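S.K.: Next input, structure requested:
(2 chains)
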Amino acid sequence: MSREKDAANYAVVFFAALSVILLIFPASKMAHTARIAVSYSFYPSLHYGAKYGHFVRNVPANFLALLETDQENRALKDKVRSLEIQLQNQAAQVSESDRLAREMRLSRGLPWTGSWARIINKTPADWYGSFFIDKGSEEGIKVNDTVLGMQGERAGLAGRVLEVYPKFSKVLLLTNSAASSVCAIEPSGFEALVEGKGTWLLKVNYVPEESALAVGAELATSPGGLLFPPGIYVGKVTKVYPRESFMNFMTADVAPAVDVNTLKEVFVLKRSLPEDLAGRAEKK
Amino acid sequence: MSFILEIFLYLATGGFYWWWTQNVTFFGLAPNFIFAAALCAAILSGPVKAIAWGFFLGLYADMLGSSMFGGYALAYTLMAYGVYVMKRHFDLDSPFSQLVAALALSWMCMLFYQGLSLSFSHLNPIGLKIFLAEPFLNALAVPVVFQVFYGFKRRFGIL
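M.R.: Reported below is the predicted structural model:
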């Protein structure tokens, strides 16, 4: 009994010390290695489970979709033929437009590129904090890539990539208490800091008094914030708190553009971020 | 052989928790099967193995979240040791005592994790909804998980 008690004491000291080291040095090589080692235990569920579960769940729907696709395919073939003719007409106009843009030195905004990813895990204890997506470094996902979600017909900021593994990645939601983004309040363009609260709402801070912030005002990412590309819809102001007498700025609650409860897929933007922001993806 | 089966059980626990949270959550609530497995392993196993199970299941839970890495590992390690001490004074084999233990230990683990999070990262990681509802779900899950683990122990001699 005494030997068992000794063994228990040694074990608890050893594992507790190991946990404390991981807690105190979260960015150390040891913590990094532990993360990668534990990430392999996610493969049965997050990679294979999500992949084949999705396939099995969608078998009846896929069969129906196949029949519909066949009909759609015939209609589309006809449409393609007529569009081919239109395309040839448009090509001449596009080349004219390119030539004019070049001669008039007009800048042309580069479209965002990226890839769609499916959400494969949301943990109840961290519902508004993070989730996992089914794309990883093998698909070119990098740390700090911007993650967008679609709400109806509109894309909104969901968060950014926090950790990247070969076949899946962890996304830090904007609603996480540790997340924030510099935003511009439309239409005035005043910049303010939007922060997550760990709930379904965001908080906008440091809004100048003269900004006339009102309920319904929309917020979009600002060029001032380096992490996210400018112009992404972040949310809408739902409540403005009156200014405290000892402060010269206001705060407000913001309903996020993307509702994490209904989110199934996200779009991960691929950007060329500066070296220090790009982070390092996990190596295989 | 038993070591391989234990790894299988560990992965199966994580896989089952993943499946449950993806398909059977109501209002974002689900029993924390990782916690339930850590508690059941602590009840069924010897102290060293129980503590190791607590630690590794805690790491798994840490990986699922975005807060501190190592927080749940510490909480479940200490819980396993606490259960080892408690086992000598209480009978934890009956469903009712498991239910009560799960309820109390869920809250203790949450408060401990909350305290760690506030001191290490100044964040409040556990929502009120989870804090109020999850311990009851855990309490219902633990006797079931215990029977499954007990079956594994009896049939394959693991844990």
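S.K.: Which parts of chain B are helices?
M.R.: Per DSSP state H, chain B carries helices over the ranges B:2-23, B:33-44, B:47-64, B:71-87, B:95-120, B:128-156.
S.K.: Summarise which helices and strands the first one is packed against.
M.R.: Think helix B:2-23. Packed against helix B:2-23 by the contact rule (3 or more C-beta pairs under 8 Å, 6 or more residues apart in numbering or on different chains; DSSP states H and E) you find helix A:50-57, strand A:113-122, helix B:33-44, helix B:47-64, helix B:128-156. All C-beta atoms are positioned from the backbone trio N, CA, C, and that covers glycine.
S.K.: B:Lys49 and B:Tyr10, how far apart?
M.R.: Here the criterion is C-beta to C-beta, to the nearest Å. By it, B:Lys49 lies 12 Å from B:Tyr10.
S.K.: For chain B, what's the nearest residue on the stretch 51-200 of chain A?
M.R.: A:Ser130 (3.6 Å; C-beta to the nearest C-beta).
S.K.: Pairing partners for that residue in the sheet, please.
M.R.: A:Leu172 (DSSP bridges).
S.K.: what do you get for A:Lys122?
M.R.: According to DSSP bridges, beta-bridge pairing links A:Lys122 with A:Phe131.
S.K.: what's around it, how many residues?
M.R.: Using other C-beta atoms under 10 Å in any protein chain shown, A:Lys122 is surrounded by 23 other residues.
S.K.: ok, it - contacts?
M.R.: A:131-132, A:260, B:21-22, B:28 (C-beta atoms under 8 Å, 6 or more residues apart in numbering or on different chains).
S.K.: Which parts of chain A belong to which domain?
M.R.: A:2-55, A:58-103, A:112-271 (automatic domain parsing).
S.K.: Point out the most buried one among these.
M.R.: Stretch with highest mean neighbour count among those: domain A:112-271 (a mean of 19; mean count of other C-beta atoms under 10 Å in any protein chain shown).
S.K.: any idea of the mean pLDDT for it?
M.R.: For domain A:112-271, mean pLDDT rounds to 87.
S.K.: and the end-to-end length of that domain?
M.R.: In domain A:112-271, first residue to last residue: 8 Å (C-alpha to C-alpha, to the nearest Å).
S.K.: Could you do stretch A:38-51 as well?
M.R.: One end of stretch A:38-51 to the other measures 20 Å (C-alpha to C-alpha).
S.K.: now stretch A:130-146
M.R.: Its start and end residues considered, stretch A:130-146 measures 14 Å (C-alpha to C-alpha).
S.K.: And for stretch A:209-226?
M.R.: Rule used - C-alpha to C-alpha; the end-to-end distance of stretch A:209-226 is 25 Å.
S.K.: With stretch A:41-59 instead?
M.R.: Terminal residues of stretch A:41-59 are spaced 27 Å apart (C-alpha to C-alpha).
S.K.: near chain B at all, it?
M.R.: Yes: Stretch A:41-59 lies within reach of chain B by C-beta under 8 Å from any C-beta of the partner chain, at A:41-42, A:44-46, A:49-50, A:53.
S.K.: can you list contacts of stretch A:214-232?
M.R.: A:112, A:144, A:146, A:148, A:155-157, A:160, A:181-186, A:191-192, A:194, A:204, A:233-240, A:254, A:269, A:271, A:273-274, A:277.
S.K.: which residues of chain A fall in helices?
M.R.: Listed in chain order, the helices of chain A (DSSP H) span A:2-24, A:29-39, A:50-57, A:59-103, A:275-278.
S.K.: Compile those helices into JSON lines and extend it with columns for mean pLDDT.
M.R.: Formatted as JSON lines, the helices of chain A follow (pLDDT from 0 to 100):
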{"stretch": "helix A:2-24", "mean pLDDT": "92"}
{"stretch": "helix A:29-39", "mean pLDDT": "89"}
{"stretch": "helix A:50-57", "mean pLDDT": "79"}
{"stretch": "helix A:59-103", "mean pLDDT": "83"}
{"stretch": "helix A:275-278", "mean pLDDT": "61"}
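S.K.: With adjacent residues omitted, what lies nearest to the spatially most central residue of chain B?
M.R.: Closest to where the C-alpha atoms of chain B average out (C-alpha atoms, centre = their mean) is B:Phe35, at 1.5 Å. Among residues not flanking B:Phe35 along the chain, B:Asn138 sits closest, at 5.7 Å (C-beta to C-beta, 6 or more residues apart in numbering or on different chains).
S.K.: Check A:Asp253 too.
M.R.: Per C-beta to C-beta, 6+ apart, closest to A:Asp253 is A:Lys239, 4.2 Å.
S.K.: Distance check, the one you found against chain B.
M.R.: 19 Å (C-beta to the nearest C-beta, to the nearest Å).
S.K.: Quick check: that residue touching A:Met250?
M.R.: No: between A:Lys239 and A:Met250 there is no contact under C-beta atoms under 8 Å: 11.1 Å.
S.K.: still on that earlier bit, now, among the residues of stretch A:41-59 next to chain B, which is nearest to B:Pro95?
M.R.: A:Ser45 (27.8 Å; C-beta to C-beta).
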